[in-house]
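>>> I'll drop the sequence and a predicted model, then ask my questions.
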Amino acid sequence: MRYISTRGQAPALNFEDVLLAGLASDGGLYVPENLPRFTVEEIASWADLPYYELAFRVMRPFVAGCIEDADFKAILKDTYGVFEHSAVAPLRQLDGNEWVMELFHGPTLAFKDFALQLLGRLLDHFLTKRNERVVIMGATSGDTGSAAIEGCRRCENVDIFILHPHQRVSEVQRRQMTSALSDNIHNIAIEGNFDDCQEMVKASFADQSFLKGTRLVAVNSINWARIMAQIVYYFHAAIQLGGPQRSIAFSVPTGNFGDIFAGYLARNMGLPINQLIVATNRNDILHRFMSGNRYNKDELHPTLSPSMDIMVSSNFERLLFDMHGRDGAKVAELMDSFRATGEMSVAEERWTETRKLFDSLAVDDEQTCATIAQVYQETGELLDPHTAIGVHAARECRRSLATPMVTLGTAHPVKFPEAVQKAVPSASPVLPAHMADLFGREERCTVLANDLAAVQDFVSQHGNRGKPL
Ligand SMILES: Cc1ncc(COP(=O)(O)O)c(C=O)c1O
Ligand SMILES: N[C@@H](CCOP(=O)(O)O)C(=O)O
């Protein structure tokens with residue numbers, strides 16, 4: 001399998017090189033040159049497989065040629081063996097034909113574990129083989145950071161730098177990151193917002209001279225391996241609910257458009273998904289596009305769902321690439337113009353075509369809390385605020401009651417006690433045993449100004465097991 005850039009100018013790479021890259025050298029994002037497509041019979045034959053075996057079937061074509069089947073399968077078995085629930089991604093029924101897929105039974109209690117537990121093990125595999133050390137830089141609005149640290153913790157060959165917006169993640173999220181004290185783990189709180197952090201990571205890929213020759217690797221969803229791993233659970237849900245003979249719809253709480261883009265790919269790989277709902281909080285650039293063909297920057301609004309407090313969505317570029325017949329030059333032109341003007345629209349017929357699959361809704365804090373309270377009353381189930389946004393959007397935008405509607409449950413409610421207790425004052429979600437002492441753990445974090453040079457200087461001073469590069 002070869003991977004090409006959404007801007008058409010960077011060299012095509014194989015899976016190993018894509019994993020070890022981040023942004024393509026032309027500023028674009030890597031996507032598979034050709035998507036594998038599975039038949040109905042093939043998908044139906046996966047009905048009784050454990051999660052890791054399903055993951056092997058779905059992802060094998062993406063890694064073929066770079067890793068032996070036996071090694072890949074062993075890595076997958078180990079990856080999904082650490083999840084607390086034996087079903088890995090259990091489906092919880094809310095109503096007649098309405099479900100939440102719980103993606104928060106991994107070590108850091110958010111859906112990011114599905115991809116980052118795998119990514120850490122794959123990095124370990126390839127870096128050990130190459131005997132190479134790398135620097136990882138990641139930006140987080142709260143969940144990617146801890147999942148990346150947890151996923152890469154056992155990887156000897158990395159120094160990992162995670163940038164989060166100072167005082168804009170929940171206390172549980174912050175402590176999950178800052179209580180990891182190894183000398184190759186570095187948390188940086190930026191006096192800015194998530195988009196500032198994300199911009200700094202992207203700028204660091206564009207000019208890597210501060211790394212003095214050390215390779216830079218991405219853990220955000222700009223890294224193709226993140227998206228690849230997230231495709232699997234769409235197959236898992238569909239198969240559990242009667243697919244592929246039966247159609248299915250998903251509602252996806254969205255920020256960087258990574259998780260829902262994985263669903264879009266699952267559909268293009270043969271899964272009968274007939275609706276994808278883009279569920280945003282008040283930071284609704286994706287809803288503005290889906291509802292009115294206007295992708296424009298706005299100011300950032302802090303919300304009760306901080307992990308989705310994102311102004312510009314990285315993976316939207318991957319969708320734009322497909323919307324424009326995979327014309328990299330056109331995508332480069334659109335992205336250049338977006339950078340210059342802060343807004344973009346696409347030709348009306350392309351937008352109309354996209355809307356055949358996607359619906360969208362922006363959900364405010366009040367509606368989020370009302371949904372948490374309502375679902376708790378109806379089912380006794382406590383939703384986290386991001387999942388609640390998905391459930392609310394699912395109920396508002398659903399096209400057919402006959403089609404199973406699955407909302408992606410992206411985080412455990414215990415990560416966001418403030419929002420949960422605002423909605424259900426009597427609720428007090430309890431940290432799982434492996435995190436029970438979280439509030440007593442020592443923390444280590446460096447606060448830095450919103451200044452690229454200061455961040456890059458910090459990385460170059462600490463990028464070799466805490467020592468200068
Ligand atoms: C809990 C939670 N829900 C939803 C999202 C949105 O996912 P994506 O950025 O892939 O759209 C994120 C992070 O982005 C998250 O941490
Ligand atoms: N919500 C994310 C933001 C980063 O998104 P990513 O999927 O590109 O890593 C977070 O929790 O950090």
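Arrived safely. Ligands and ions are numbered 1, 2, ... in the order given.
>>> what does this structure have sitting close to ligand 2?
Residues of the chain lying close to ligand 2 (CB under 6 Å from any ligand atom) are 140-145, 220-221, 255-256, 258, 307, 314. No exception for glycine: its C-beta is placed from N, CA and C like everyone else's.
>>> Quick check: next helix or strand after the helix or strand hosting Tyr52?
Following DSSP states H and E, one finds Tyr52 within helix 51-63. Once helix 51-63 ends, the next helix or strand along the chain (criterion: DSSP H and E) is helix 69-81.
>>> thinking again about what came up before, export the residues of the chain next to ligand 2 to CSV and tack on distance to ligand 1, pLDDT and secondary structure?
Shown next, in CSV, are the residues of the chain next to ligand 2 (distance: CB to the nearest ligand atom, whole Å; pLDDT from 0 to 100; DSSP: H, G, I helix; E, B strand; the rest coil):
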residue, distance to ligand 1, pLDDT, secondary structure
Thr140, 8, 97, coil
Ser141, 6, 93, coil
Gly142, 6, 93, coil
Asp143, 3, 96, helix
Thr144, 7, 97, helix
Gly145, 10, 98, helix
Asn220, 9, 97, coil
Ser221, 6, 97, coil
Gly255, 4, 95, coil
Asn256, 3, 96, coil
Gly258, 3, 98, helix
Ser307, 3, 96, helix
Ser314, 8, 95, coil
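>>> Now tabulate these in CSV and tack on neighbour count.
Putting the residues of the chain next to ligand 2 into CSV (neighbours: other CB atoms under 10 Å) gives the following:
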residue, neighbour count
Thr140, 27
Ser141, 25
Gly142, 29
Asp143, 29
Thr144, 28
Gly145, 30
Asn220, 25
Ser221, 25
Gly255, 28
Asn256, 25
Gly258, 25
Ser307, 28
Ser314, 21
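>>> I'd like the residues you listed written out as a markdown table, with distance to Gly328 added.
Formatted as a markdown table, the residues of the chain next to ligand 2 follow (distance: CB to CB, whole Å):
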| residue | distance to Gly328 |
| --- | --- |
| Thr140 | 29 |
| Ser141 | 29 |
| Gly142 | 33 |
| Asp143 | 31 |
| Thr144 | 27 |
| Gly145 | 31 |
| Asn220 | 21 |
| Ser221 | 20 |
| Gly255 | 25 |
| Asn256 | 21 |
| Gly258 | 20 |
| Ser307 | 31 |
| Ser314 | 17 |
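>>> Now find how far off-centre the helix holding Tyr52 is within its chain.
18 Å (CA atoms, centre = their mean, to the nearest Å).
>>> and if you look at stretch 395-405?
24 Å.
>>> Can you give me the end-to-end span of that stretch?
Stretch 395-405 stretches 9 Å from its first residue to its last (CA to CA, to the nearest Å).
>>> Mind listing residues that contact it?
96-99, 241-242, 246-251, 274-275, 277, 359-361, 394 (CB atoms under 8 Å, 6 or more residues apart in numbering).
>>> Let's see which of those residues end up in strands.
Judged by DSSP state E, the contacts of stretch 395-405 include 98-99, 248-251, 274-275, 277, 359-361 as members of strands.
>>> if we can go back for a sec, of the contacts of stretch 395-405, grab the buried ones for ChimeraX.
To isolate in ChimeraX the members of these that are buried, counting by 16 or more other CB atoms under 10 Å, one can use:
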select :97,98,99,241,247,248,249,250,251,275,277,359,360,361,394
